[in-house]
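Student: The following block contains a protein sequence and its predicted model.
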Amino acid sequence: MQSATALRLTLCLLALCAASTLPAMAGDLGKARRLADDALLVDTHIDAPGELVKRWADLGQATPSVEFDYPRARAGGLDVAFMSIYTSPGQDADGSAPQVAHRQIDAIEALAGRHPDKFALLRSPADVEQLRKGGRVLLAFGMENGAPIGDDLAQLAAFHARGVRYITLAHSDNNRISDSSYALVKRWNGLSPFGKQVVAEMNRLGIMVDVSHLSDAAVRDVLALSQVPVIASHSGLRHFTPGFERNLSDELARAIAAKGGVIQLVFGTGFVNAQAAADTQAYFRAHADLQRDNAAAEAAGRPTRKVSDFDREWEAAHPVPATTIDAVLDQIDHGVKLVGIDHIGIGSDFDGVGGALPEGLRSVADYPNLVAGLQARGYRDDDIRKILGANLLRVWSQVEAAARR
């Protein structure tokens, strides 16, 4: 365990590194850091659980190979980190999704148990103030892809009991609950009949419904059915990425806000850079072509092409475009003008985009850079507090309160 002196030294070094990434803002970072430290800062999407299962690390210590660890979280002012319990369409298809989800939850529970002075599990927004005393980072669970519940509504209660407080209904392909924004051919034209039952049961239990990754029609179905506000845990705005269904249109963003919900804006380059978003769309089209060609080749007894080879060649031909923090700040500006300050938050997707992040937002140490950028653009501190976490906590509290009635 690090001594208090060693931890303070680590935090100071991390703060200096963060400041060096954005020299133009260095003069404002002291003020921004004080606000980030004092505000309740909530990030609704960090993919640490999947990284832990793939390659164990002690995230209570400095871990440079990932984007979330305790020293950098404290340096950045992070209070509540929603740990993303992600399962893939492939794991849904082969039946392993429930086991994978439980293993990821186990990994985060073990992390909190190993470092009770640094982390605590968070089940309710009412517990934030008490649990964050002493500088602890609070770990809540969000499930990315509803695959682990299978076709059994009772699994929603089981995962709620394990601490899951939002569920992204689908991910990169259609599933038994909902159509995906990435799917070229939709299965349900929105939510499935089972998906409509899922939304109702989530409302009953107090699990926030997350519309990130969903098709436009599915988002509309959720908004029509849910009796409480909904969230987009990690989405961008389509205004900047025309034709990219994964990001929210202005129409859908307004509809989420009209229902009292919150749009947690994502940091990943693939969502905030127009060329990167176009490349992502093109990748899914090319991947669908590969699957079709491989199926035909297999039926004809010809060799198939390895997906790993395809991915490697694609990445070489489509380098991630350089992107600055201004791309995220522009998203926030547009969102606030579009739906109002009470309906915008942050959901970074740290550890979930393969390091494809804007300059100045490369890890959980970098939230003060975002705060400095907002201050430089004229945002009042009270409004920045709303973006950093107050808006999300309001929605979570409303969803929880409705379930108790």
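Tutor: Everything's here; your move. Residues are numbered from 1 along each chain as shown.
Student: what's the single longest helix in the chain?
Tutor: helix 274-299 (DSSP state H).
Student: So which bits of stretch 288-299 are buried?
Tutor: Leu290, Asn294 (16 or more other CB atoms under 10 Å). Bear in mind the C-beta positions are built from the backbone N, C-alpha and C, glycine included.
Student: Skipping adjacent residues, who's closest to Asp37 in space?
Tutor: Closest residue in space to Asp37, ignoring its immediate chain neighbours: Gly77 at 4.6 Å, by CB to CB, 6 or more residues apart in numbering.
Student: Okay, helices next: where are they in the stretch 301-405 of the chain?
Tutor: Counting by DSSP state H, counting those that start in this stretch, the stretch 301-405 of the chain has helices at residues 307-317, 326-339, 367-376, 381-385, 391-404.
Student: Out of these, which one sits most buried?
Tutor: Mean neighbour count, computed with mean count of other CB atoms under 10 Å, is highest for helix 367-376 among the helices of the stretch 301-405 of the chain, reaching a mean of 25.
Student: Who are the packing partners of that one?
Tutor: helix 4-21, helix 29-38, helix 326-339, helix 381-385 (3 or more CB pairs under 8 Å, 6 or more residues apart in numbering; DSSP states H and E).
Student: Contacts for that helix next, please.
Tutor: 15, 18, 21-22, 25, 28-29, 31-33, 35-36, 41, 43, 76-78, 325-326, 328-329, 332, 346, 360-361, 381, 384, 387-388 (CB atoms under 8 Å, 6 or more residues apart in numbering).
Student: Let me know the distance separating Arg220 from Ala107.
Tutor: 35 Å (CB to CB, to the nearest Å).
Student: Give me the neighbour count for Asp250.
Tutor: A total of 14 residues lie near Asp250 under the criterion other CB atoms under 10 Å.
Student: Would you confirm that it contacts Lys337?
Tutor: No - the pair Asp250 / Lys337 is not scored as a contact, 10.2 Å apart, by CB atoms under 8 Å.
Student: Can you point out the buried residues in stretch 147-159?
Tutor: Buried residues in stretch 147-159 (16+ other CB under 10 Å): Ala147, Pro148, Ile149, Leu153, Gln155, Leu156, Phe159.
Student: what about that stretch, how long is it end to end?
Tutor: End-to-end span of stretch 147-159 (CA to CA, to the nearest Å): 12 Å.
Student: Now tell me what touches that stretch from outside.
Tutor: Outside stretch 147-159, the residues touching it (CB under 8 Å, 6+ apart) are 85, 87, 89, 91-92, 97-98, 100-102, 143, 167, 171, 175-177, 194, 197-198, 201-202, 205, 207.
Student: Just the buried ones from these, in PyMOL syntax?
Tutor: A single PyMOL command is used to select the members of the contacts of stretch 147-159 judged buried by 16+ other CB under 10 Å:
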select buried, resi 85+87+89+91+92+97+98+100+101+143+167+171+175+176+177+194+198+201+202+205+207
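Student: Please narrow the contacts of stretch 147-159 to those residing in helices.
Tutor: If you go by DSSP H, the contacts of stretch 147-159 have 89, 91-92, 97-98, 100-102, 194, 197-198, 201-202, 205 in helices.
Student: got a list of contacts for stretch 301-321?
Tutor: With contact meaning CB under 8 Å, 6+ apart, stretch 301-321 is reached by 269-270, 273, 275-276, 279, 282-283, 286-287, 290, 293-294, 297-298, 356.
Student: ok, Thr323 touching Glu359?
Tutor: Yes - Thr323 lies in contact with Glu359 (CB under 8 Å); the separation is 7.0 Å.
Student: More neighbours: which of the two?
Tutor: Ranked by neighbour count (other CB under 10 Å), Thr323 and Glu359 place Thr323 first, with 22 against 16.
Student: Now do the contacts for the more buried one.
Tutor: Contacts of Thr323 by CB under 8 Å, 6+ apart are Thr269, Val272, Asn273, Ala276, Leu357, Pro358, Glu359.
Student: one more time with 10 Å, if that's ok
Tutor: With contacts defined as CB atoms under 10 Å, 6 or more residues apart in numbering, Thr323 is in contact with 267-270, 272-273, 275-276, 356-361.
Student: Next one: it relative to Gly354, how far apart?
Tutor: 14 Å.
Student: which neighbours do those two share?
Tutor: With CB under 10 Å, 6+ apart, Thr323 and Gly354 have common neighbours Gly268, Thr269, Gly270.
Student: Check whether the last one really touches Val353, as I assumed.
Tutor: Right, the one you point to is Gly270. Yes - contact criterion CB atoms under 10 Å: Gly270 and Val353 qualify, at 6.2 Å.
Student: Give the residues shared as contacts by these two.
Tutor: Ala276, Val320.
Student: more crowded one of these two?
Tutor: Counted by other CB under 10 Å, Gly270 and Val353 do not tie: Gly270 has more neighbours, with 27 against 20.
Student: hmm, back to that, nearest to Glu400, of the shared contacts of Thr323 and Gly354?
Tutor: Gly268 (28.6 Å; CB to CB).
Student: doesn't Gly77 make contact with Arg385?
Tutor: No - using CB under 10 Å, Arg385 is not in contact with Gly77; the gap is 11.3 Å.
Student: coming back round to it: what angle separates the longest helix of the chain from helix 307-317?
Tutor: Helix 274-299 runs at 150 degrees relative to helix 307-317, counting by axes from the mean of the first three to the mean of the last three CA atoms, to 10 degrees.
Student: ok so, going back, quick one: closest of the helices of the stretch 301-405 of the chain to Leu122.
Tutor: helix 391-404 (9.9 Å).
Student: Centre of the chain to the closest one, how far?
Tutor: 18 Å (CA atoms, centre = their mean, to the nearest Å).
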